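1. Build me a structure from this.
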Amino acid sequence: MASILNVGRIAEGFVLDHIEAGRSMEIYKYLNLDKLDCTVAIIKNARSKKMGKKDIMKIECPIDFIDLDVVGFIDHNITVNIVKDEEIVEKKPLRLPKEIRNIVRCRNPRCITSIEQELDHVFLLTDEKKEVYRCKYCEEKYKRK
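-> Okay, here's the model as predicted:
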């Protein structure tokens with residue numbers, strides 16, 4: 001007997017689909033969803049024909065509250081469905097952002113960001129095919145997991 005998990009519809013917000021299994025909590029943290037007053041449903045390890053297993057997030061809040069560049073940086077293959085009046089009105093494609101700011105920190109101890117505490121940690125996309133980001137100040141390569 002198959003068990004069914006039913007998570008209700010959201011009135012306005014967005015659904016992040018096709019998240020690599022186990023990465024939804026990372027997205028939750030990077031989007032600072034714990035600091036927003038919105039409803040969040042996280043479904044971990046859902047069955048997927050395309051991926052085997054996947055995570056899904058339903059976030060009920062206006063789309064402009066969320067930085068989609070953060071999601072694109074984590075995984076640009078995630079599907080973003082915009083929901084209004086309980087219906088999907090748009091599918092937003094993600095891409096690797098050209099610049100990320102204060103998402104990851106530079107690990108180079110000689111970088112200016114380790115001395116100047118108020119300075120933003122800025123990384124620039126230097127190789128889109130290999131998904132390589134480098135620190136704007138010292139060109140230290142960010143190593144993705």
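
2. For this protein, which segments are assigned as helices?
-> Using DSSP state H, the helices of the chain run over 24-30, 68-74, 112-115.

3. Give me the contact list for the last one.
-> It stands for helix 112-115. The contact list for helix 112-115 (C-beta atoms under 8 Å, 6 or more residues apart in numbering) reads Arg105, Cys106, Asn108, Leu119, Asp120, His121, Cys135, Tyr137, Cys138. (Each C-beta comes from the backbone N, C-alpha and C, glycine too.)

4. among the helices of the chain, which is the most enclosed?
-> Mean neighbour count, computed with mean count of other C-beta atoms under 10 Å, is highest for helix 68-74 among the helices of the chain, reaching a mean of 20.

5. who does it touch, helix- and strand-wise?
-> Packed against helix 68-74, as judged by 3 or more C-beta pairs under 8 Å, 6 or more residues apart in numbering; DSSP states H and E, are the following elements: helix 24-30, strand 99-101.

6. What mean pLDDT does it get?
-> Across helix 68-74, pLDDT averages out at 88.

7. just how off-centre is it within its chain?
-> Centroid separation between helix 68-74 and its chain, computed with C-alpha atoms, centre = their mean, to the nearest Å, is 4 Å.

8. hmm, back to that, would you mind listing the two of the contacts of helix 112-115 that lie farthest apart?
-> The largest separation in those, counting by C-beta to C-beta, is between Asn108 and Asp120 at 15.2 Å.

9. Can you pick out the residue with more neighbours from the two?
-> More crowded of Asn108 and Asp120, by other C-beta atoms under 10 Å: Asn108, with 15 against 10.

10. Looks like that one contacts Cys135 (just checking).
-> Yes. Contact criterion C-beta atoms under 8 Å: Asn108 and Cys135 qualify, at 6.7 Å.

11. mind saving the C-alpha coords of stretch 103-121 as CSV?
-> Extracted in CSV, the C-alpha atoms of stretch 103-121 (Å, rounded to 0.1, in the frame of the first residue of the first chain):
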residue,chain,number,x,y,z
ILE,A,103,26.6,34.3,0.0
VAL,A,104,30.0,32.6,0.5
ARG,A,105,33.1,33.9,2.1
CYS,A,106,36.7,34.2,0.7
ARG,A,107,38.9,31.6,2.3
ASN,A,108,42.2,33.4,1.4
PRO,A,109,43.7,34.7,4.7
ARG,A,110,45.6,37.4,2.8
CYS,A,111,42.4,38.7,1.1
ILE,A,112,41.3,42.2,2.0
THR,A,113,37.9,40.8,3.1
SER,A,114,39.6,39.0,6.0
ILE,A,115,41.0,42.3,7.3
GLU,A,116,38.2,44.7,6.4
GLN,A,117,35.2,43.2,8.3
GLU,A,118,32.6,45.5,6.8
LEU,A,119,33.6,44.7,3.2
ASP,A,120,31.2,42.6,1.2
HIS,A,121,32.4,39.2,0.0
